[in-house]
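Engineer: Need a 3D model of the following:
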Amino acid sequence: MSEKEDVIDRKGAWIERMFDRLYLAIKENPLATLLVLSVGLNIMLINMNSDLQEARLSDEKSSNKEMIEEVRRSVQRETTRQIAPIKAQQDSVIKNVDTSLININGTVESVKQYFNKKK
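Structural biologist: Numbering: from 1, shown residues only. Below you'll find the model as predicted:
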């Protein structure tokens, strides 16, 4: 017999002994046995509920992370879309200011030349 078969046989024998003990306990004192079984089932349900809550929290956390990432991407797209016209307007103003500075520079040069000629 292999080691795996031996382990299976031992587990099967243990389960059989437990059911035999449970049967004898029920025969001797049914109410106490039902009380113990009830407590055991309640503990099992509490553990199952705890595992379920953990799974829900995990799902909520991953869902929240996905939502936060989607909001970040949406904000980035929207910000870029809203900034584009403002940037174009700023570029236009900068171009006009540059042109104005060039014109002022030309005017200053003309005034300098005028005063130099008058001297």
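Engineer: Could you check how far whichever strand or helix holds residue 116 is from the centre of its chain?
Structural biologist: Per DSSP states H and E, residue 116 falls inside helix 30-118. Remark: helix 30-118 is offset 14 Å from the chain centroid, using Cα atoms, centre = their mean, to the nearest Å.
Engineer: For it, enumerate the helices and strands it packs against.
Structural biologist: Contacts defined by 3 or more Cβ pairs under 8 Å, 6 or more residues apart in numbering; DSSP states H and E place helix 30-118 against helix 3-28. Yep, even glycine has a C-beta here, placed from its N, CA and C like the rest.
Engineer: Averaged pLDDT, the helix it packs on. What do you get?
Structural biologist: Mean pLDDT, helix 3-28: 86.
Engineer: now stretch 99-115
Structural biologist: For stretch 99-115, the mean pLDDT works out to 80.
Engineer: Show me which residues of that stretch are buried.
Structural biologist: Going by neighbour count (16 or more other Cβ atoms under 10 Å), nothing in stretch 99-115 comes out as buried.
Engineer: Dump it to PDB, keeping only the CA atoms.
Structural biologist: Taking C-alpha atoms only, stretch 99-115 is exported to PDB below (Å, rounded to 0.1, in the frame of the first residue of the first chain):
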ATOM      1  CA  THR A  99       5.300  92.000 -32.100                       C
ATOM      2  CA  SER A 100       4.600  95.000 -29.900                       C
ATOM      3  CA  LEU A 101       8.100  94.800 -28.400                       C
ATOM      4  CA  ILE A 102       9.600  94.600 -31.900                       C
ATOM      5  CA  ASN A 103       7.600  97.700 -32.900                       C
ATOM      6  CA  ILE A 104       8.600  99.500 -29.700                       C
ATOM      7  CA  ASN A 105      12.200  98.700 -30.400                       C
ATOM      8  CA  GLY A 106      11.900 100.000 -33.900                       C
ATOM      9  CA  THR A 107      10.300 103.200 -32.600                       C
ATOM     10  CA  VAL A 108      13.000 103.600 -30.000                       C
ATOM     11  CA  GLU A 109      15.700 103.200 -32.700                       C
ATOM     12  CA  SER A 110      13.900 105.700 -34.900                       C
ATOM     13  CA  VAL A 111      13.800 108.200 -32.000                       C
ATOM     14  CA  LYS A 112      17.500 107.700 -31.300                       C
ATOM     15  CA  GLN A 113      18.400 108.200 -34.900                       C
ATOM     16  CA  TYR A 114      16.200 111.400 -35.000                       C
ATOM     17  CA  PHE A 115      18.000 112.800 -32.000                       C
END
